[in-house]
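Colleague: Below are the sequence and a predicted model for it; my questions follow.
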Amino acid sequence: MIRPSVMTDLNALLDHIRSDQRPVLMIFNYSCMMETRQAMATQGYVQPFWFGNPFNAKTAALKNASQNPVEAVIQKAFSYLGYTEKPGFSNNVIFNADYHHREVSGDDYAWCVTFVWDIFRMAGCSAAFYNGEKTDECTDVLRWATEKGLLVSPEDYQRGDLALYCWDGSGIPEHIGILLGRNDDGRFITVEGNTAETDDANGGSVMVRLRRPKGVMAIIRPEFDCV
């Protein structure tokens, strides 16, 4: 019998998947609770055993990113799963440091958009997001997508599209995520920065989330054909 390895975070799982084929017993910490586990299992990244918590890495794999900019972006985003700002509530993260060319912290540096900007940059796909320029504002992203004709119907979503959220009814986007797929119950599956189960739009972690369609105000198709 093959002895399973034991891990406590998703980054460790992803490293294991790339290098090993032994079964994995996943022990989820607070930042990787049931919502993340269910979403990843739904997308085929991890397959749960029938009896619940353990996961089998044998069939778990990110899709091939070779010469595929969409998958390159998603793979890069997944490489940061479980990453959190330190100290908490500081907005002190690598994505802000890359964007501002220096370490920053404080309430002025919410980072859901800078996460997306930096992930596209690190994946070699800068040109596909915001014309290759810089923004850290959801409103700028919505304006860009509207002017460029990049908005698509939620029913026509594709993997790698961007979701903008508005939960307060104001019509002003509050948060952004990268779409992975759709759950059987209709919720969108996304990977996002600066989120948590206790704070959707300013939670300080990189996570996979399940999002109800009513909170999604716009779906954006990045210009991957220009990469």
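Modeller: Alright, I've got the coordinates.
Colleague: Can you classify residue 178 as helix, strand or coil?
Modeller: Following DSSP: H, G, I helix; E, B strand; the rest coil, the label given to residue 178 is strand.
Colleague: burial measure for the nearest residue to it once chain neighbours are set aside, as a count.
Modeller: Take residue 178 and drop its neighbours on the chain: the residue closest to it by CB to CB, 6 or more residues apart in numbering is residue 191, 5.1 Å away. For every residue, glycine as well, the C-beta is placed using N, CA and C. Residue 191: 27 surrounding residues under other CB atoms under 10 Å.
Colleague: Can you report phi and psi for residue 191?
Modeller: The phi/psi pair for residue 191 (degrees, to the nearest 10) reads phi -120, psi 130.
Colleague: Residue 139 versus residue 129, what's the distance?
Modeller: According to CB to CB, to the nearest Å, residue 129 and residue 139 sit 15 Å apart.
Colleague: and what of residue 158?
Modeller: When distance is defined by CB to CB, residue 158 is 23 Å away from residue 139.
Colleague: Over to residue 182?
Modeller: With distances taken as CB to CB, residue 182 is found 26 Å from residue 139.
Colleague: From residue 92, how far off is the spatially most central residue of the chain?
Modeller: With distances taken as CA atoms, centre = their mean, the residue of the chain nearest its centroid is residue 191 (1.8 Å). Here the criterion is CB to CB. By it, residue 191 lies 21 Å from residue 92.
Colleague: Least confident secondary structure element in this protein?
Modeller: Ranked by mean pLDDT, DSSP states H and E, the weakest helix or strand in the chain is strand 55-56, scoring a mean of 30.
Colleague: Can you name the next helix or strand after that one?
Modeller: Using DSSP states H and E, the helix or strand that directly follows strand 55-56 along the chain is helix 69-78.
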